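Asks: Take a look and give me a structure for this.
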Amino acid sequence: MAIRTNAVPRIAAALILAAAILLSFRLERAPRPIELQPGATPAPSADSTRAVLERALAPGAPGYDRGVARANVTVLEFADFGCPYCARFATRTYPPLAAEFVRTGVVRWRYVPFALGIFTNGDEAARAAECAGAQGRVAFGRMDDRLFVGQDVWKRAADPAGLFRSMAAGAGLDPARFTSCYAGDSAAQRVAAANALADQLGVRATPTFFINGRRVEGALPLEQFRAVLAEALRPARDSR
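Replies: Numbering: from 1, shown residues only. Predicted coordinates:
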């Protein structure tokens, strides 16, 4: 099949981007994502994935939005608080990406905390985060930070409930509301809904991202993730 003349610049740009990504990969190797055993979650069809992604980005779906709803690029992230690579991404890689892409309004980032089921106290940490979220998005963000920073501590705890209450208090949450929520069923139901969504999308590694529907597994280093977002934004920029 002949290549159309006006397609050449796009192909050249894609080759240059691929070379840049490969070079950055050699400079800073991306860690392998933490995965379930092969076959634990069947891969959905492309049509099924598109349908589930539409539901996942609708109001009321599990997760927390960052950025404007009508951005040109949407990132849907699934992360487990017990995953060390998720912690690395959240504390090191996401902040500069947020400053460049999310807070400037060009990327909508929907963050879905879920429990992959392989990390000690991971389910309980997700419940604690959802109980923080019940007190608002700001409260969720503060608890989210503490859960990732304190990951090594709560993963070793025989009974993490008291530790999570202490974290909530340190984050400025209402202690009574948090305790009541943690003891109830609502947070567990939110976690279950997030887990079901992850299963429907065939998420079997942490972290997993869907960037305008394209699946990306693993905590890519900053420059690689920046290049992926820049490429996703290219069509909107080229149309101006």
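
Asks: Would you point out which residue is most central in the chain?
Replies: residue 77 (2.3 Å; Cα atoms, centre = their mean).

Asks: For that residue, list each beta-bridge partner.
Replies: Legend: beta-bridge partners of residue 77 under DSSP bridges are residue 111, residue 209.

Asks: Quick check: it vs residue 126, distance?
Replies: 14 Å (Cβ to Cβ, to the nearest Å). (Each C-beta comes from the backbone N, C-alpha and C, glycine too.)

Asks: returning to that earlier point: surely the residue nearest to the centre of the chain meets residue 109?
Replies: Yes - look at residue 77 against residue 109 with Cβ atoms under 8 Å: they come within range, at 6.7 Å.

Asks: what's the pLDDT at the residue nearest to the centre of the chain?
Replies: Residue 77 is assigned 98 on the pLDDT scale.

Asks: quick one: contacts for it?
Replies: Contact analysis of residue 77 by Cβ atoms under 8 Å, 6 or more residues apart in numbering lists 109, 110, 111, 112, 207, 208, 209.

Asks: Okay, helices next: where are they in the chain?
Replies: Assigned by DSSP state H, the helices in the chain fall at 8-27, 46-56, 84-88, 94-97, 122-133, 137-149, 151-154, 161-170, 175-183, 186-200, 222-238.

Asks: JSON lines for those helices, including mean neighbour count and mean pLDDT?
Replies: Output for the helices of the chain, formatted as JSON lines (neighbours: other Cβ atoms under 10 Å; pLDDT from 0 to 100):
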{"stretch": "helix 8-27", "mean neighbour count": "12", "mean pLDDT": "39"}
{"stretch": "helix 46-56", "mean neighbour count": "14", "mean pLDDT": "88"}
{"stretch": "helix 84-88", "mean neighbour count": "20", "mean pLDDT": "96"}
{"stretch": "helix 94-97", "mean neighbour count": "16", "mean pLDDT": "97"}
{"stretch": "helix 122-133", "mean neighbour count": "26", "mean pLDDT": "97"}
{"stretch": "helix 137-149", "mean neighbour count": "19", "mean pLDDT": "96"}
{"stretch": "helix 151-154", "mean neighbour count": "16", "mean pLDDT": "96"}
{"stretch": "helix 161-170", "mean neighbour count": "18", "mean pLDDT": "96"}
{"stretch": "helix 175-183", "mean neighbour count": "16", "mean pLDDT": "97"}
{"stretch": "helix 186-200", "mean neighbour count": "18", "mean pLDDT": "96"}
{"stretch": "helix 222-238", "mean neighbour count": "17", "mean pLDDT": "90"}
